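Novice: Below: sequence and its predicted model.
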Amino acid sequence: MHHLACIHCGAKYPPDEVIYSCRACGHPLEVRYPLDRLGIERAEWAKRPLSVWRYREILPVHIQPVTLREGGTPLYHLDALGKEMGLPHLYAKHEGMNPSGSFKDRGMTVGVSMALQLGKRSVACASTGNTSASLAMYAAKAGIPSVVLLPSGKVALGKVAQALIHGARAITIRGNFDRALELVQELCDKHGLYLLNSMNPYRLEGQKTIGFEILDQLGYVPDRIVLPVGNAGNISAIHKGLRELRELGFIDRLPMMTGIQAEGSAPVVRAVQENLPEVIPEAHPETVATAIRIGAPVNAEKALRAIRETGGTAISVSDAEILSMQRALASREGIGVEPASAASVAGVKKLVAAGVIGRDERVVCVVTGHLLKDPETVVKQCEPPQEIEPDLPSLLSALRL
Ligand code: F0G
């Protein structure tokens, strides 16, 4: 049986305790398994479909999970962009291909299942959009109510639409994501809703399977995994999962964990580049990539460890670089992602140009959310379709044929 442990002071908590940070020191918790006693066979995993639940022995859920078939997302080789950057081994793991269109579904299939396992009957989160869409969807599947808190005017249209149609009680606040997160924590503490933001250590367990799938799809450990960083949960989750595989003896080294943030919202990058012991929150984060418009990442401590322990790095990219890479992925690779997701590939481009990423490195970018999440940002960048009279001459003339 697993337990919870503080990553800072090592305090232990039983698996059925509803707790989101260490009671002794306030630092983040993680789930620990008796890995040497689980008797996991890698060959057994290979026989199961590629999905979050392929790896169920190192997930905390013991009931029938609430699932919509998450995970098993494609890993694409980026032929055109890799060639242009001089990187023959550049890949994108398209997490936009999950049921709600983002990687959050991996966290929510585990997180909402845990809510039921722990006897909780309502769930809540703060969100820049994707977490709320995913929570609403999995709460609908589980038949329990959900509450989502969103920063007013700063959530992409597709994500709001999802939260609404899947039946969440959606509230927008006149404040940013960081404030919404403080508020929802208070709500959950005082009123017993189950908190499914990424300080919930069980949710991150689902997300660690991104790393497992990458290894299974490539057949080897890549040199580097690159992710957009907002609340810093995903980069921490993948690192944690890969550490477990190393402990199990399935791999002997870890990829360099590399985080990309938007210039106007880059507290983790600053901490890495200035070698600060901890992240200094950014009071007014701003970026077109609203998914990662976060100034006070709650998983910063875990993320800094992930980056530092693996010899990785962090870098910021401008909004213009993000949007240009969104267009390049769409028009040259056929991969449609939202702006935050394009940040990872834009970051790789910058790191190659700076000589940080070597030409022979095998690099996997996690592209986290689907293009249709944020149609407004797409339409703003493109020429509208040309309208013509409904006859062939007009069509031929428009096509200059
Ligand atoms: N990419 C997308 C598309 C996201 O929605 C998020 C986070 C991230 C990257 C960053 O991941 O927070 O684990 O570092 N979205 C959260 C939300 C905050 O509310 O949907 P992270």
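Specialist: Nice, thanks for sending it over.
Novice: mind checking the SS state of residue 84?
Specialist: helix (DSSP: H, G, I helix; E, B strand; the rest coil).
Novice: distance of it from the ligand?
Specialist: 23 Å (Cβ to the nearest ligand atom, to the nearest Å). C-beta here means a position set from N, CA and C on the backbone, and glycine is covered the same way.
Novice: how's this protein carved up into domains?
Specialist: 1-32, 75-101+203-381 (automatic domain parsing).
Novice: Deepest-packed of these, please.
Specialist: Mean neighbours per residue, mean count of other Cβ atoms under 10 Å, is largest over the domains of the chain for domain 75-101+203-381, with a mean of 21.
Novice: Quote the end-to-end distance of that domain.
Specialist: This stretch, domain 75-101+203-381, spans 27 Å end to end (Cα to Cα, to the nearest Å).
Novice: can you put the domains of the chain in TSV and add mean pLDDT and distance to residue 67?
Specialist: Shown next, in TSV, are the domains of the chain (pLDDT from 0 to 100; distance: least, Cβ to Cβ, whole Å):
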stretch	mean pLDDT	distance to residue 67
domain 1-32	97	19
domain 75-101+203-381	98	9
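Novice: Send over stretch 20-40 as PDB, restricted to the C-alpha atoms.
Specialist: Below are the C-alpha coordinates for stretch 20-40, written out as PDB (Å, rounded to 0.1, in the frame of the first residue of the first chain):
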ATOM      1  CA  TYR A  20      -2.600  18.600   0.300                       C
ATOM      2  CA  SER A  21       0.500  19.900   2.000                       C
ATOM      3  CA  CYS A  22       2.700  18.800   5.000                       C
ATOM      4  CA  ARG A  23       1.000  19.600   8.300                       C
ATOM      5  CA  ALA A  24       4.400  19.900  10.000                       C
ATOM      6  CA  CYS A  25       6.200  22.200   7.500                       C
ATOM      7  CA  GLY A  26       3.800  23.300   4.800                       C
ATOM      8  CA  HIS A  27       5.800  21.800   1.900                       C
ATOM      9  CA  PRO A  28       4.400  19.700  -0.900                       C
ATOM     10  CA  LEU A  29       3.600  16.000  -0.500                       C
ATOM     11  CA  GLU A  30       4.200  13.100  -2.900                       C
ATOM     12  CA  VAL A  31       2.800   9.500  -3.100                       C
ATOM     13  CA  ARG A  32       5.300   6.800  -2.300                       C
ATOM     14  CA  TYR A  33       5.000   3.000  -3.100                       C
ATOM     15  CA  PRO A  34       6.800   0.000  -1.700                       C
ATOM     16  CA  LEU A  35       8.400  -0.400  -5.200                       C
ATOM     17  CA  ASP A  36      10.500  -3.400  -4.200                       C
ATOM     18  CA  ARG A  37       7.400  -5.300  -3.100                       C
ATOM     19  CA  LEU A  38       5.100  -4.600  -6.000                       C
ATOM     20  CA  GLY A  39       6.500  -7.300  -8.300                       C
ATOM     21  CA  ILE A  40       6.000  -5.300 -11.400                       C
END
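Novice: So is that stretch next to the ligand?
Specialist: No: if you take Cβ under 6 Å from any ligand atom as the test, stretch 20-40 misses the ligand, and the best it gets is 12.8 Å.
Novice: related to what we said a few turns ago, want to try CSV for the domains of the chain, with distance to residue 112 as columns?
Specialist: Listed next are the domains of the chain as CSV, based on distance: least, Cβ to Cβ, whole Å:
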stretch, distance to residue 112
domain 1-32, 14
domain 75-101+203-381, 9
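Novice: what does the stretch 51-200 of the chain have sitting close to the ligand?
Specialist: Near the ligand, when you scan the stretch 51-200 of the chain using Cβ under 6 Å from any ligand atom, you find 102, 104, 127, 128, 129, 130, 131, 198.
Novice: Now rank these by neighbours and give me the top one.
Specialist: For these, neighbours were counted using other Cβ atoms under 10 Å, and residue 104 has the most, 35 neighbours in all.
Novice: I'd say that residue and residue 136 touch.
Specialist: No: using Cβ atoms under 8 Å, residue 104 is not in contact with residue 136; the gap is 10.7 Å.
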